[in-house]
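>>> this is a predicted model, with the sequence first.
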Amino acid sequence: MRRGSRQGGYTIIEVMIVVMIIGVLASIVLPAIRNYTARAKMSEALLAFAPCRLMITEGYLSGGDPPTEGNWGCEVTSNASKYVDSISTRDPGPVIKVSLRGFSDLRIDTMDLTLMPLDNTGSPPSGPGSAVRTWRCGSAADGTQVPPQYLPASCRG
C-alpha cells in the first residue's frame, strides 16, 4: 500500500444531505400527486352524470310534467361504475346525486357529489317547457360532501 494515497467515495455527511433533500422533495410532491390522482378519478365519476343530465334536459324541454323524485329513468342503485356506487335523483331540482366509492382515499370514498339544473335566472327549472341553461356542480347547498380541492375546476359550485 502506498503512502499518501486517498480512497474515493462519499462521506456519511454527504450521503445524509442527499437523503434529506430527497425526503424534503418527496414530502412536497407526494401530496400533490395524491390530489391530482383524486381529481382524475373524480373526472371519470363526473361522466356518470351524463345520462341523467340528458334525460332531465329533454324532460323539461318536452313540455310534459317532469317525473317525480327517483323516476327519471337514469337512476342506478348499485355498482354504476368503478368510482360510482349509485346514481339517484331527488327533488327539488331535480338534483342528481352520485355516491362515490373505489377511490382508495377515505377523504372521498362514500361521499356524495351533486349536479343541479338551473334555468336562465339561476334557479331550478320551474315546470314544463322550462329550458335548462346551465348546471351547478359540486355545491354544498345541493348536498355535495366532497371537499372542493378534489373536484375538477369545472365542478366547484
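Sure, I can see it.
>>> which phi and psi does the closest residue to residue 75 other than its chain neighbours have?
Excluding the flanking residues, the one nearest residue 75 by CB to CB, 6 or more residues apart in numbering is residue 88, at 5.3 Å. Glycine gets a C-beta too; all of them are placed from N, C-alpha and C. Residue 88 adopts backbone torsions of phi -140, psi 160, taken as degrees, to the nearest 10.
>>> who's in contact with residue 88?
Contact analysis of residue 88 by CB atoms under 8 Å, 6 or more residues apart in numbering lists 70, 75, 96-97, 99.
>>> among those residues, which two are most distant?
70 and 99 (13.8 Å; CB to CB).
>>> next helix or strand past the helix or strand that contains residue 86?
Secondary structure from DSSP states H and E places residue 86 in strand 84-90. From strand 84-90 onward toward the C-terminus, using DSSP H and E, the following helix or strand is strand 95-100.
>>> mind checking how far the helix or strand in which residue 15 is found is from the chain centre?
Residue 15 is part of helix 12-46 when elements are defined by DSSP H and E. On the basis of CA atoms, centre = their mean, to the nearest Å, helix 12-46 sits 21 Å off its chain's mean C-alpha point.
>>> stretch 65-83 now?
That offset, for stretch 65-83, works out to 18 Å (CA atoms, centre = their mean).
>>> stretch 98-117: which residues count as buried?
Burial within stretch 98-117, assessed by neighbour count using 16 or more other CB atoms under 10 Å, is assigned to 98-101, 103, 108, 111-117.
>>> just flag the most distant two among the residues you listed.
103 and 117 (26.2 Å).
>>> would you point out which residue is most central in this structure?
By CA atoms, centre = their mean, the chain has its centre lying nearest to residue 42, at 3.2 Å.
>>> next one, pLDDT for that one please.
Predicted confidence (pLDDT) for residue 42: 89.
>>> just residue 82 next, same as before
For residue 82, the pLDDT comes out at 90.
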